[in-house]
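J.: whatever this is, show me its structure:
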Amino acid sequence: MSEHIVPLRIYVTIFLALLVGTAFTVWAGFRDFPGQLNVIIALTIAVIKATLVVLYFMHVRYSPRLIALIIAAALFWMAILFALTISDYSTRSWLPVA
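T.: You can find the predicted model right below:
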């Protein structure tokens, strides 16, 4: 199996993008957005940064298709677990208080 050589320029660009994302996270942390927008903005920034780390620093972008399938299956399983957890949490107020 041959390894893909990633130019240093790509790593520096991703590193700078992560620094900008971190600065944007700190900036957004000191702002008070209306409603649930604080959570949405924080999660969006976190997902973008995590995606950059997984794709480039964990070399998933240049991996075979089987690795992409395994990651997709893991994300699907995580979505199922989140859905079950949220459905359980959202129905707890229906239970009578003992």
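J.: mind checking how far the residue positioned nearest the centre of the chain is from Ser93?
T.: When C-alpha atoms, centre = their mean is applied to the chain, the residue found nearest the centroid is Val47 (2.6 Å). Relative to Ser93, Val47 is positioned 29 Å away (C-beta to C-beta, to the nearest Å). (Glycine included, C-beta is placed from N, CA and C.)
J.: residues in contact with the residue nearest to the centre of the chain?
T.: With contacts taken as C-beta atoms under 8 Å, 6 or more residues apart in numbering, Val47 has no neighbouring residues.
J.: what's the pLDDT at it?
T.: Val47 is assigned a predicted lDDT (pLDDT) of 95.
J.: ditto for Ser2
T.: In this prediction, Ser2 has a pLDDT value of 64.
J.: what of Phe30?
T.: 94.
J.: same check, this time on Thr91
T.: Predicted confidence (pLDDT) for Thr91: 83.
J.: what about it, distance to Thr85?
T.: 11 Å.
J.: also Ile14?
T.: 32 Å.
J.: higher neighbour count, these two?
T.: Relative neighbour count places Ile14 above the other of Ile14 and Thr85, with 17 against 10, counting by other C-beta atoms under 10 Å.
J.: assign a three-state SS to the residue lying closest to the more buried one once chain neighbours are set aside, would you?
T.: Nearest residue to Ile14, sequence neighbours excluded (C-beta to C-beta, 6 or more residues apart in numbering): Tyr56, at 4.7 Å. Put simply, Tyr56 is helix when judged by DSSP: H, G, I helix; E, B strand; the rest coil.
J.: kindly report the same for the one 4 residues further on.
T.: Taking three-state DSSP as the rule, one finds Val60 in the coil state.
J.: and it, what is it in contact with?
T.: Remark: with contacts taken as C-beta under 8 Å, 6+ apart, Val60 is in contact with Val54, Ile67, Ala68, Ile71.
J.: what is the nearest of those to Leu81?
T.: Using C-beta to C-beta, Ile71 is the member of the contacts of Val60 that lies nearest Leu81, at 15.6 Å.
J.: from Arg9, how far out is the closest one?
T.: 25 Å.
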